[in-house]
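A.B. asks: From the sequence below, what's the structure:
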Amino acid sequence: MGLSIDKEALLEYVSKKKDSLFIGLLVIVILAGGWFLYQKSALSVNDILDEILRKEPPKGPGGAENTAVTSNEVVDNLLKKRAAEDYNLKRNPFGSPEDQMKKRQEVEAAYQRGVDLFQAGQFDAAIQQFDKVIALDVTETRISYSILPSEYKRRAQRENLKRNFDRVLASAKADVDEGNRQAQAGAIVEAQTVLTRADDTLRRCIDSDPEGAAIGKENIEQIKNLQLLAFDRLMQIKGQVLIGEFNRELGEARTALSGSNFIEMLKKVVALIKVQSDVKAIDPNAKLVSRDQVNQLNSLVEQIQAKVKDNFQALVAQADQQFTEGAVQKDMQKTSQAVYALQMARNFDPNDKDLAKKLTDYAARRADLVMEIATKFLADQQALLDKGEFEKFDLQNKRQLLGEVLALRNIALNAAQKNQASELENKLKALRLPPPVTDDFEVLSIQPPAGTSGGKYKIEVMDKTSRGTASKKLLYLSQGQTDPRSKIVLKQVDTSNGFVILSKSGYTDAKVEISPKK
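C.D. replies: Next up, the predicted model:
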């Protein structure tokens, strides 16, 4: 019996299912093509050797076939299968496995110290450790945490607030009052400083206990109301500063525009752009600075930029003169402004080869100047550290010079300059104050004087300086007294704020919270 096919039914079925059939066929073609490409690109070394020999077996002496294949032939065939960049080694951005293991161990150690301090009631010290953990592990995923360090930190802040609520509230109130007093006296910078401190402190309190579970709803409401007061007063002062800054910068920019100091004009453009940003952040609704005033500022920026562009040759000449003066005076700011002026001039005429060469030369010369200043700074600061004059350590200048040295990476330096810059970067990073005494003598508790201690503080520390297992030690010290064994000094006692200062030669001083009375 023959097989009969209903052609009409088949055509009707194909017509209805044509979309599905097309997609199915397309998938089959893609899979087949992918498999073919995979087979061509995933050849083993032996497959490649066989392929080379099949195509044209190399001849040895006397015309005999030679089955030896050179490494160049193998590489050439590999590169034909895949793009050269596919063979580049992709370095792990998080470092080698050894680096990762070391970092995990460091995170684990800091985390455990934080947990131990938290459980011991040393909440300030615990917060410092959890901050260290978070700095080392920003995503909080490097190790498996029973409780995230950020949550532990929040709990420590909450417990601190619970323990010190009266003191925190009184201190914040004092800062708000002081801010108001400074503002009325015209000391705007000082007023901003203390009001910002009050606002930050109160925000941390709210974040740690937003519903008042630890300190009570009534108390958290007090803190929230005081924070709003501090913030409103701070914004008022910032508004006053903004108006003063706006009027001053606008007047100075107009004066600069009427003159012929084109470097000064560029400086004013930078200042005006900052004012534009401040206006958007502080006065988005135009309550302090009108829209018309903002338009005047924007127009002034455009006028200055147009005038500088029209006189860019004069700008270059002024930059030449300022760079020469700055190099003689070893003034990094002057030379930086001169190089910036040349960069702006280059933007106006990017095809000027002489200007491009000048800019490259000045950048290299300034790099030498930065490295000279950094070298002297390192020597001077190390001498201070060697003499134990830690209070004279210039952290601000260190940060500035480190930023300057890091910026040299963006300049086309020669090999010698690159090596010198890299060496200076490492030395500046390594230049730091000694660790606080609490790094090697971890304070477990500080008990205030009791009747049996003769007016001395009982300080329990974990001594980590000896080899092997760390050991606990008890120190009984009054203010100004030195422990004969550890040489730790109880330098200062502040009972009103609940802390002491511990000191030791070769270490920086450490501020430690006094433990609550048992």
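
A.B. asks: Need the pLDDT of the nearest residue to Arg409 once chain neighbours are set aside.
C.D. replies: Distances taken as Cβ to Cβ, 6 or more residues apart in numbering put Ala421 closest to Arg409, at 7.4 Å, once the chain neighbours are dropped. Yep, even glycine has a C-beta here, placed from its N, CA and C like the rest. Here, the pLDDT recorded for Ala421 equals 88.

A.B. asks: Where does Ala421 fall, secondary structure wise?
C.D. replies: Take DSSP states H and E as the rule and Ala421 turns out to sit in helix 415-430.

A.B. asks: Kindly report the same for Asp361.
C.D. replies: Here Asp361 is assigned to helix 353-386, by DSSP H and E.

A.B. asks: which residues are contacting the following helix or strand past that helix?
C.D. replies: Sequence-wise, the next helix or strand downstream of helix 353-386 (DSSP H and E) is helix 395-407. Helix 395-407 is contacted from outside by 332, 370-371, 373-374, 377, 381, 421, 424-425, 428-429, 431, using Cβ atoms under 8 Å, 6 or more residues apart in numbering.

A.B. asks: circling back: can you give me the angle the helix holding Ala421 makes with helix 353-386?
C.D. replies: 40 degrees (axes from the mean of the first three to the mean of the last three Cα atoms, to 10 degrees).

A.B. asks: Which strands or helices does helix 415-430 pack on?
C.D. replies: Packing partners of helix 415-430 (3 or more Cβ pairs under 8 Å, 6 or more residues apart in numbering; DSSP states H and E): helix 353-386, helix 395-407.

A.B. asks: out of these, which comes closest to Ala110?
C.D. replies: helix 395-407 (22.5 Å; Cβ to Cβ).

A.B. asks: Restricting to C-alpha, output the closest one in PDB.
C.D. replies: Only the C-alpha atoms of helix 395-407 are listed here, as PDB (Å, rounded to 0.1, in the frame of the first residue of the first chain):
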ATOM      1  CA  LEU A 395      50.400  65.600  56.200                       C
ATOM      2  CA  GLN A 396      48.700  68.300  54.000                       C
ATOM      3  CA  ASN A 397      51.900  68.900  51.900                       C
ATOM      4  CA  LYS A 398      52.500  65.200  51.700                       C
ATOM      5  CA  ARG A 399      49.000  64.700  50.100                       C
ATOM      6  CA  GLN A 400      49.600  67.600  47.700                       C
ATOM      7  CA  LEU A 401      53.000  66.300  46.600                       C
ATOM      8  CA  LEU A 402      51.700  62.700  46.300                       C
ATOM      9  CA  GLY A 403      48.900  64.100  44.000                       C
ATOM     10  CA  GLU A 404      51.500  65.900  41.900                       C
ATOM     11  CA  VAL A 405      53.700  62.900  41.600                       C
ATOM     12  CA  LEU A 406      50.700  60.700  40.600                       C
ATOM     13  CA  ALA A 407      49.700  63.300  38.000                       C
END
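
A.B. asks: Quick check: buried residues in it?
C.D. replies: Lys398, Leu401, Leu402, Glu404, Val405 (16 or more other Cβ atoms under 10 Å).

A.B. asks: Quick one: mean pLDDT for that helix?
C.D. replies: Per-region confidence: helix 395-407 scores 91 on mean pLDDT.

A.B. asks: Then stretch 465-484?
C.D. replies: Rounded mean pLDDT across stretch 465-484 is 84.

A.B. asks: give me the low-pLDDT residue ranges for the stretch 1-150 of the chain?
C.D. replies: Within the stretch 1-150 of the chain, the stretches with pLDDT under 70 are 1-96.

A.B. asks: give me the element the residue positioned nearest the centre of the chain is part of.
C.D. replies: Most central in the chain under Cα atoms, centre = their mean is Ala135, positioned 9.5 Å from the mean C-alpha point. In the assignment (DSSP H and E), Ala135 maps to helix 123-136.

A.B. asks: Dump the C-alpha coordinates for that helix into CSV.
C.D. replies: C-alpha atoms of helix 123-136 as CSV (Å, rounded to 0.1, in the frame of the first residue of the first chain):
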residue,chain,number,x,y,z
PHE,A,123,32.6,51.0,70.9
ASP,A,124,34.9,53.9,69.7
ALA,A,125,37.7,51.5,69.0
ALA,A,126,35.3,49.0,67.4
ILE,A,127,34.1,51.6,65.0
GLN,A,128,37.7,52.3,64.0
GLN,A,129,38.2,48.6,63.2
PHE,A,130,35.0,48.3,61.2
ASP,A,131,35.9,51.4,59.3
LYS,A,132,39.2,49.7,58.5
VAL,A,133,37.4,46.6,57.3
ILE,A,134,35.0,48.6,55.1
ALA,A,135,38.0,50.5,53.6
LEU,A,136,39.7,47.1,52.8
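
A.B. asks: next structured bit after it?
C.D. replies: That would be, after helix 123-136 and using DSSP H and E, helix 149-184.

A.B. asks: Give the other helices and strands that that following helix contacts.
C.D. replies: Using 3+ Cβ pairs under 8 Å, 6+ apart, helix 149-184 sits against helix 97-119, helix 123-136, helix 188-208, helix 217-258.
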